[in-house]
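[1] Give me the fold of what follows.
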Amino acid sequence: QVQLVESGGGLVQAGGSLRLSCAASGRTFMRYNMGWFRQAPGKEREFVAAISWSGLTTIYADSVKGRFTISGDNVKNTVYLRMNSLKPEDTAVYYCANDRLGRQPLSPNRDGYDYWGQGTQVTVSS
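    Model (predicted):
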């Protein structure tokens, strides 16, 4: 079992920045991929970004490309999501997810991940 705990969410004005963190503990695996998803009120959970276990491969949703950056620290078992130029439409609960098998290629789909955190709220005011 893997436990994921997100932090770093909050209220920010449009154009501002936030950095989310996701710390993994428990039975972590050496070669796992990590992803970030988000869910706005009344909408389905959608893919944001993912990073391979090596850190060499990343993928992003078109809506966040050029604004968000995913990175990881394998020593700390932590993945980050740096969010710049935030927009009101980025408002959502952000979830990190763990792909314990390190599937290739990286998956933008919810069913490509095995463990999920509880989420952290990000609110962007206009």
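[2] which residue is nearest the middle of this structure?
    residue 36 (2.1 Å; Cα atoms, centre = their mean).
[3] what separates that one from residue 21, distance-wise?
    11 Å (Cβ to Cβ, to the nearest Å). Placement of C-beta: from N, CA and C, glycine included.
[4] Could you give the bridge partners of the spatially closest residue to residue 68 that is not a sequence neighbour?
    Nearest residue to residue 68, sequence neighbours excluded (Cβ to Cβ, 6 or more residues apart in numbering): residue 83, at 5.1 Å. Note on residue 83: beta-bridge partners residue 18, residue 68, judged by DSSP bridges.
[5] from what I can see residue 83 touches residue 17, true?
    Yes. Contact criterion Cβ atoms under 8 Å: residue 83 and residue 17 qualify, at 6.2 Å.
[6] for this structure, what are the low-confidence residue spans?
    When residues are selected by pLDDT under 70, those of the chain lie in 28-30.
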